[in-house]
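Peer 1: just coords:
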């Protein structure tokens, strides 16, 4: 539609809250509000003002600065007031949403930028940052620990040409290099490294010696340790070990109790030199050692050292 003169600004007219309670014949400046929220009409021509039923002349009888109207002559006490802000007025707080009432759908994509985020961005304990359609990845602190957690069906993968794990004091714990080795550190010193031909150790490799339960039949669980020990309290039979893993090697330390002369027989899974099981040292408190390596299922090659002191 064409217009002669200034094209009207679209918008809605709003009745201004009554300010006549502040009229006292001396005060000239008043704050304009609509529904108790400040409003800036923009200029004097954007608001129609009536005092005592008489329309006031913009810029002559009053002026506008932001949300303040200033009368040339202070309105007398008891004088009535009526005003309407025309559509082009600019709200400063009007229609401010209540806390928690703005949904995500009301925000334009990419509307929240880094400039609008606190730095640092603080979240309390157990408040999670989630990623993925199914919220599969979570990052949070649970009051005791900091957690990166995958709750979906896939795995948690780290992708980098060089990955380093550091302690809180920046001490190196591990380094993983693409097309290279995996390095493990103790007290900031490298002690383990994978290489193209295997592994490299700095210092020795130690394994625990696990005590077996003595009984008429002794079954070694190979999953618990590589090295085992037992003190015989009677004549015993060593059954075929459980959880055998091909290539596993270790030692079995067999000690006579205070009585001595205890004997031991072995399941056919134990293979000894010449096909004959050893006769144990009989003296009280003496120890024999069987060194073994698991060649295949129920084929355990054994070498015996008697009366090891």
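Peer 2: Thanks, I have the structure now. These figures come from a predicted structure and were not determined experimentally.
Peer 1: for residue 152, what are its contacts?
Peer 2: Contacts for residue 152 (CB atoms under 8 Å, 6 or more residues apart in numbering) come out as 132, 134, 136, 137. Every residue, glycine included, has its C-beta placed from N, CA and C.
Peer 1: pull the distance from stretch 169-188 to the chain's centre.
Peer 2: In terms of CA atoms, centre = their mean, to the nearest Å, the centre of stretch 169-188 is set 22 Å apart from its chain centre.
Peer 1: mind listing what's buried along it?
Peer 2: Neighbour counts over stretch 169-188 (16 or more other CB atoms under 10 Å) mark 172, 175, 176, 181, 183, 184, 185 as buried.
Peer 1: distance of the residue lying farthest from the centre of the chain from residue 80?
Peer 2: What lies farthest from the middle of the chain is residue 54; by CA atoms, centre = their mean that is 66.9 Å. Distance from residue 54 to residue 80, counting by CB to CB, to the nearest Å: 10 Å.
Peer 1: and what of residue 305?
Peer 2: Noted for residue 305: a distance of 115 Å to residue 80, by CB to CB.
Peer 1: how far away is residue 260 from residue 289?
Peer 2: Relative to residue 289, and taking CB to CB, residue 260 is found at 17 Å.
Peer 1: typed the wrong thing, it's residue 257
Peer 2: Distance from residue 257 to residue 289, by CB to CB: 17 Å.
Peer 1: these two: which is more packed in?
Peer 2: More crowded of residue 257 and residue 289, by other CB atoms under 10 Å: residue 289, with 17 against 14.
Peer 1: now the two most distant members of the contacts of residue 152.
Peer 2: Greatest spacing in the contacts of residue 152, by CB to CB: 134 and 137 (9.5 Å).
Peer 1: neighbour count winner among these two?
Peer 2: Neighbours per residue (other CB under 10 Å) separate residue 134 from residue 137, with residue 137 holding more: 17 against 10.
Peer 1: now secondary structure, pLDDT and distance to residue 13 too, for the buried residues of stretch 169-188, in JSON lines please.
Peer 2: Formatted as JSON lines, the buried residues of stretch 169-188 follow (DSSP: H, G, I helix; E, B strand; the rest coil; pLDDT from 0 to 100; distance: CB to CB, whole Å):
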{"residue": "172", "secondary structure": "strand", "pLDDT": "94", "distance to residue 13": "70"}
{"residue": "175", "secondary structure": "strand", "pLDDT": "95", "distance to residue 13": "70"}
{"residue": "176", "secondary structure": "strand", "pLDDT": "94", "distance to residue 13": "68"}
{"residue": "181", "secondary structure": "coil", "pLDDT": "91", "distance to residue 13": "76"}
{"residue": "183", "secondary structure": "strand", "pLDDT": "95", "distance to residue 13": "74"}
{"residue": "184", "secondary structure": "strand", "pLDDT": "95", "distance to residue 13": "75"}
{"residue": "185", "secondary structure": "strand", "pLDDT": "95", "distance to residue 13": "74"}
